[in-house]
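3D, please:
(one chain, ligands or ions: 2)
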Amino acid sequence: MKNFIAPSILSANFAELGKEVDDVILAGADIIHFDVMDNHYVPNLTIGPMVCKSLVDYGVEKPIDVHLMITPVDDLIIKFCEAGASMVSFHPEATENINKSIELIKSRDCKVGVALNPASPLSLIEPILDKIDFILIMSVNPGFGGQKFIPESLDKIKKCKDMIDDSGYSIQIEVDGGIGIENIKAVKKAGANMFVAGSAIFNSDNYKDAIKKMKQEISAG
Ligand code: DX5
Ligand code: ZN
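Ligands and ions are numbered 1, 2, ... in the order given. So this is what the prediction gives:
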């Protein structure tokens with residue numbers, strides 16, 4: 001599967017968001033990861049569909065990957081799809097009806113992802129493998145950028161990859177939290193192909209260099 005680097009704009013300078021997104025795209029970003037937090041499902045508050053639409057109107061052409069850390073989810077799924085998102089993921093515990101939320105995303109031609117917290121078991125997604133495009137494995141507890149990668153996540157990614165391979169479905173694995181140049185290779189080796197990185201990119205002095213080094217790490221095998 002192709003590899004994708006997805007800078008998380010949570011660590012960007014929000015006062016210059018359009019420029020920051022332009023800069024990471026020029027630096028080699030494949031996807032723009034857009035973290036939505038509601039100060040309810042997680043103890044932080046970020047950005048909504050208006051900001052997504054602003055980025056699309058500003059001219060951002062790379063896929064916008066909306067990671068919903070909110071509850072409830074359905075109303076905002078619709079609004080983000082209308083605002084130009086290409087990928088939408090939600091946490092299964094945050095919705096009353098997983099199948100309905102999946103269907104809302106699918107019917108609007110967006111890629112569907114289901115996000116699992118470190119404590120959420122893979123069994124939660126086993127019954128819906130036929131309906132989703134990607135699984136987002138959280139390698140930190142959701143809510144904040146700049147946290148340390150939880151090492152046990154590697155084993156979970158491997159198990160997830162085995163589960164997908166056994167199912168025969170074509171599902172991508174995205175990993176989110178604490179990823180940087182020092183551990184991206186292990187995350188790839190475990191079975192992931194989409195790599196979210198916030199602080200490792202936006203807190204670096206040179207976005208191009210950071211993304212290039214990450215790509216080198218994952219292309220080496
Ligand atoms: C955390 C967010 C992540 C976060 C990643 O709740 O979902 O996307 O921005 O940031 P880093 O890469 O700094 O861990
Ligand atoms: Zn995220």
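
For this structure, which residue gets nearest to ligand 1?
When distances are taken as CB to the nearest ligand atom, the chain reaches nearest to ligand 1 at Gly198, 2.9 Å away. For every residue, glycine as well, the C-beta is placed using N, CA and C.

if I read this right, that residue contacts Gln147, doesn't it?
No - between Gly198 and Gln147 there is no contact under CB atoms under 8 Å: 9.7 Å.

So which of these two has more stuff around it?
Gly198 (25 against 15; other CB atoms under 10 Å).

show me the contacts for the more buried one.
With contact set as CB atoms under 8 Å, 6 or more residues apart in numbering, Gly198 has these partners: 7-11, 33, 35, 145-146.

same question, Ile32
Ile32 touches 6-7, 9, 21, 24-25, 55, 60, 62-65, counting by CB under 8 Å, 6+ apart.

Show me the subset of those residues that also lies near ligand 1.
The subset of the contacts of Ile32 within reach of ligand 1, by CB under 6 Å from any ligand atom, is empty.

Give me the distance between the residue of the chain closest to ligand 1 and Lys185.
Separation of Gly198 from Lys185 (CB to CB, to the nearest Å): 19 Å.

With Ile78 instead?
38 Å.

Met87 too?
Distance from Met87 to Lys185, by CB to CB: 24 Å.

Give the residue from the two that has the larger number of neighbours.
The neighbour comparison of Met87 against Lys185 (other CB under 10 Å) goes to Met87, with 26 against 16.

What residues are bridge-paired with that one?
Asp65, Lys111 (DSSP bridges).

so it touches Lys62, yeah?
No - using CB under 8 Å as the test, Met87 is too far from Lys62 to be in contact (10.9 Å).

so what's in contact with those two at the same time?
Ile31.

pretty sure Ala115 belongs to a helix, no?
No - going by DSSP: H, G, I helix; E, B strand; the rest coil, the assignment for Ala115 is strand, not a helix.
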